[in-house]
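Peer 1: what follows is a predicted protein model with its sequence.
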Amino acid sequence: MIKNGHHTSNEPGIESGAKPGDLACSPEKRKRSVRVWCDGCYDMVHYGHSNQLRQAKAMGDYLIVGVHTDGEISKHKGPPVFTQAERYKMVQAIKWVDEIVEGAPYVTTLDTLDKYNSDFCVHGDDITLTVDGKDTYAEVKREGRYRECRRTQGVSTTDLVGRMLLMTKAHHSNIDNSDYQQHTDNFGKGPKGHSPWTGVSQFLQTSQKIIQFASGQEPQPGDTIIYVAGAFDLFHIGHVDFLETVYKQAERPYVIVGLHFDQEVNRYKGKNYPIMNIHERTLSVLACRYVSEVVIGAPYAVGKDLLDHFKVDLVCHGKTEVFPDKDTSDPYAEPKKRDIFRTVDSSNCLTTDDIVQRIIKNRLQFEARNQKKEAKEIAVFEAMKRQAEGEQAGDKAQAAQQLDQTSSHQIQLSQN
């Protein structure tokens with residue numbers, strides 16, 4: 001298991017969704033490891049998934065993540081974008097994950113928690129439903145072995161699918177745009193309105209969020225400093241395989257990823273790329289266990305100043321095409337001149353373009369999947385609201401009855 005600075009930290013994050021008293025370890029708990037269970041589809045893994053796992057890890061010592069099969073997801077939600085093999089590897093690459101369970105059951109039960117010696121499970125403050133509209137965590141909630149963490153605002157698979165199909169650049173700066181807003185009608189809105197758990201919201205980057213995701217670890221004497229650069233858009237299994245290959249280029253690697261600004265990516269990629277803006281891509285890459293540091297807005301040309309500043313020992317690039325700089329020069333001319341440039345082959349040719357093509361090919365299925373999901377969520381939300389209103393009405397009636405009884409008693413006393 002690869003360890004890095006932030007991965008081994010057990011300090012609760014500010015968004016852990018628990019009170020400090022809840023997370024404080026008793027002397028008994030300090031004697032043993034607190035094992036935490038998470039599960040899910042983890043389809044099109046993004047920084048929202050990573051943030052959930054970060055918060056879950058902060059609630060214990062050892063994080064186990066169960067990932068559902070393609071068959072289970074298709075049965076309860078609709079067809080996944082990525083295969084189960086791809087999803088298993090994506091989750092394993094998230095630095096807060098200690099162990100994954102392949103083919104985890106869709107409904108979380110006490111038997112599952114006990115089988116993997118888990119103290120409790122953690123899920124976001126949204127709701128997950130089976131094909132017949134039942135809460136998948138009902139049993140563990142009932143038995144007090146359920147914890148909640150805050151859902152990350154501003155990202156969802158629904159939103160990302162919409163961005164891929166909407167060929168505009170509005171999402172680069174998260175600006176309100178009539179075309180950008182329109183895709184919520186197809187992907188984030190069911191026939192009867194909006195679910196509070198599904199849809200599009202604005203992502204706001206903060207320095208605290210970057211600190212939570214960063215390793216906070218400087219390179220040590222003897223480390224080999226490796227630099228790679230690119231868009232790393234829709235951070236996917238192709239990127240993971242590449243970074244894993246880069247990581248294996250040295251015995252003690254310190255991998256720095258240079259991320260290009262949105263405008264630069266759009267210059268050489270065109271269309272509506274990047275799908276994720278620079279702030280979102282930063283968190284996605286920082287969550288990867290093979291990455292030590294990220295340069296936000298790295299220059300396209302890997303020049304002398306950058307190489308000297310970071311004391312780079314090796315510069316790597318994959319088998320993908322290298323686009324020339326604005327002046328038609330080779331962006332890797334300087335590392336090649338220094339004889340520190342290396343082309344690595346991860347044996348995975350998946351690109352962001354391939355993912356977009358998967359979405360476009362199955363557009364109608366994904367539209368139907370998201371609308372079906374939201375319709376179930378709305379039904380549950382309305383039922384919960386009616387129940388709460390009923391309980392509130394019952395409380396009011398009970399209070400009125402008590403008030404009436406008190407008044408009658410006072411009247412009797414005054415009469416006596």
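Peer 2: Yes, it's here.

Peer 1: hmm, who's touching stretch 116-126?
Peer 2: With contact meaning Cβ atoms under 8 Å, 6 or more residues apart in numbering, stretch 116-126 is reached by 17, 34-40, 52, 55-56, 59-60, 64, 101, 108, 112-113, 137, 140, 145-151, 197-198. All C-beta spots, glycine's among them, are computed from the backbone N, C-alpha and C.

Peer 1: now it: buried residues?
Peer 2: Going by neighbour count (16 or more other Cβ atoms under 10 Å), the buried part of stretch 116-126 is Ser118, Asp119, Phe120, Cys121, Val122, His123, Gly124.

Peer 1: circling back to that earlier point, okay, and which of the contacts of stretch 116-126 map to strands?
Peer 2: Among the contacts of stretch 116-126, the residues falling in strands (DSSP state E) are Arg35, Val36, Trp37, Cys38, Asp39, Gly40, Ile64, Val101, Tyr146, Arg147, Glu148, Cys149.

Peer 1: Arg142: neighbour count?
Peer 2: 11 (other Cβ atoms under 10 Å).

Peer 1: not counting sequence-adjacent ones, nearest residue to the residue most central in space within the chain?
Peer 2: Nearest residue to the geometric centre of the chain (Cα atoms, centre = their mean): His49, 2.2 Å. Leaving aside its sequence neighbours, His49 sits nearest to Tyr42 (Cβ to Cβ, 6 or more residues apart in numbering; 5.7 Å).

Peer 1: next up, the contacts around that neighbour.
Peer 2: His49, Val65, Val67, Arg87, Met90, Val91.

Peer 1: now do 6 Å
Peer 2: His49, Val67, Arg87, Val91 (Cβ atoms under 6 Å, 6 or more residues apart in numbering).

Peer 1: format the residues you listed as CSV; extra columns: distance to Asn277.
Peer 2: Shown next, in CSV, are the contacts of Tyr42 (distance: Cβ to Cβ, whole Å):
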residue, distance to Asn277
His49, 18
Val67, 27
Arg87, 24
Val91, 24
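
Peer 1: do a quick rundown of the strands in this structure.
Peer 2: 35-40, 62-67, 99-102, 120-124, 146-149, 224-230, 253-259, 293-296, 314-317, 341-343.

Peer 1: which of the buried residues of stretch 116-126 sits closest to Thr328?
Peer 2: Gly124 (47.3 Å; Cβ to Cβ).

Peer 1: skipping adjacent residues, who's closest to that closest one in space?
Peer 2: Nearest to Gly124 is Arg151, by Cβ to Cβ, 6+ apart, at 4.1 Å.

Peer 1: burial check on Glu72, number of neighbours?
Peer 2: Residues near Glu72, counting by other Cβ under 10 Å: 19.

Peer 1: quick one: contacts for it?
Peer 2: Counting by Cβ under 6 Å, 6+ apart, Glu72 has contacts Tyr106.
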